[in-house]
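Asker: attaching a predicted model along with its sequence, questions to come.
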Amino acid sequence: MKHFTLGLAAWLVAAWALTGCATYIPPGAKADLQVFAPPSIQQGFEAKAVATFPVTVAAVRVQAPGYSNYFLESNGGVFGSGRFSVVTAHEVEDQAQFDRLSALPKVAGLVSINRMLLPQRLDSDLQIREGASRLQADMVFLYTFDTAFFDTDVSKPLTVITLGLSPTRRIAATTTVSALLMDTRTGFIYAAFEATAKTETIATSWGSRDTADQERRKTEKHAFGKLIEEVTSGWPRLLARYEKPG
């Protein structure tokens with residue numbers, strides 16, 4: 001038992017030396033979707049669904065102001081200041097998932113909003129809808145990721161994760177992705193969607209920031225896939241309610 005304890009201690013010291021006390025910073029926060037909601041009950045009822053099917057849909061990912069994560073720090077793809085930022089890089093979304101949305105009945109196509117269509121200051125849905133209008137998009141599919149890491153023995157989220165130190169410590173990653181489907185012309189919200197995914201792993205498997213961030217992207221990718229399932233399953237009901245007789 002003594003030899004085992006000494007061996008474990010030596011392993012921990014070696015791991016500490018190899019990692020150089022390396023740490024992984026979890027990603028930034030989700031966007032507050034209240035920014036995109038009507039500011040009052042009266043304005044909410046005044047907004048009308050005016051899109052004519054088939055529709056073109058503009059997809060855009062939004063996050064909290066100053067959002068960052070390990071992947072984007074190296075590769076770029078975040079734009080805007082104000083009450084939210086826009087992520088233009090598709091780091092966890094598959095083209096096949098967007099193709100599923102494009103293939104929905106009465107969807108003419110799916111387009112992406114890039115920074116050339118947006119002002120630097122982003123404070124409300126109006127800037128997003130103006131960008132979508134320049135692409136002749138009838139609707140905006142707006143989504144945001146909320147990802148947190150937890151030590152399974154600690155109730156609060158981890159803000160910094162020390163890599164590769166404990167052979168027994170387990171870390172859970174949880175992602176909730178939320179979305180709004182909005183009328184470009186009026187800001188009317190056709191539907192709200194949400195999906196959650198969770199993974200759990202042993203901390204020692206995170207030998208580097210790259211492997212830690214792979215876990216984050218895997219969880220977000222899974223959550224986004226579930227969100228697309230929610231949208232595709234709910235689309236027939238939305239179409240039945242809002243498609244005007246020809």
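Answerer: That came through fine.
Asker: contacts only, for residue 200.
Answerer: 152, 170-173 (C-beta atoms under 8 Å, 6 or more residues apart in numbering). C-beta here means a position set from N, CA and C on the backbone, and glycine is covered the same way.
Asker: now the buried members of these.
Answerer: 171-173 (16 or more other C-beta atoms under 10 Å).
Asker: quick one: least confident of the residues you listed?
Answerer: Among the buried ones among the contacts of residue 200, residue 171 has the lowest pLDDT, at 78.
Asker: does it touch residue 149 like I think?
Answerer: Yes. If you go by C-beta atoms under 8 Å, residue 171 and residue 149 touch, sitting 5.7 Å apart.
Asker: helix, strand, or coil at residue 141?
Answerer: Classification of residue 141 using DSSP: H, G, I helix; E, B strand; the rest coil returns strand.
Asker: please identify the helix or strand for the most centrally placed residue in the chain.
Answerer: Note on the chain: the residue nearest the mean C-alpha position is residue 145, at 2.5 Å, using C-alpha atoms, centre = their mean. When elements are assigned from DSSP states H and E, residue 145 belongs to strand 139-151.
Asker: need the helices for this protein, in chain order.
Answerer: 2-19, 41-46, 70-75, 95-102, 125-133, 209-242 (DSSP state H).
Asker: can you lay out those as TSV showing mean pLDDT, mean neighbour count and distance to residue 192?
Answerer: Below are these laid out as TSV (pLDDT from 0 to 100; neighbours: other C-beta atoms under 10 Å; distance: least, C-beta to C-beta, whole Å):
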stretch	mean pLDDT	mean neighbour count	distance to residue 192
helix 2-19	42	11	42
helix 41-46	69	10	13
helix 70-75	89	15	26
helix 95-102	94	14	16
helix 125-133	96	20	14
helix 209-242	93	17	10
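Asker: can you tell me which of those comes nearest to residue 58?
Answerer: When these are compared by C-beta to C-beta, helix 125-133 sits nearest residue 58, at 3.9 Å.
Asker: the closest one vs strand 139-151, what angle?
Answerer: 120 degrees (axes from the mean of the first three to the mean of the last three C-alpha atoms, to 10 degrees).
Asker: packing partners for helix 125-133?
Answerer: Secondary-structure packing of helix 125-133 (3 or more C-beta pairs under 8 Å, 6 or more residues apart in numbering; DSSP states H and E): strand 55-63, strand 139-151.
Asker: quick one: residues in contact with that helix.
Answerer: 35-36, 58, 60, 62, 86, 113, 117-119, 121-122, 139-140, 142, 182, 184-185, 187.
Asker: returning to that earlier point: which residues are common contacts for residue 171 and residue 149?
Answerer: Common contacts of residue 171 and residue 149 (C-beta under 8 Å, 6+ apart): 158, 161.
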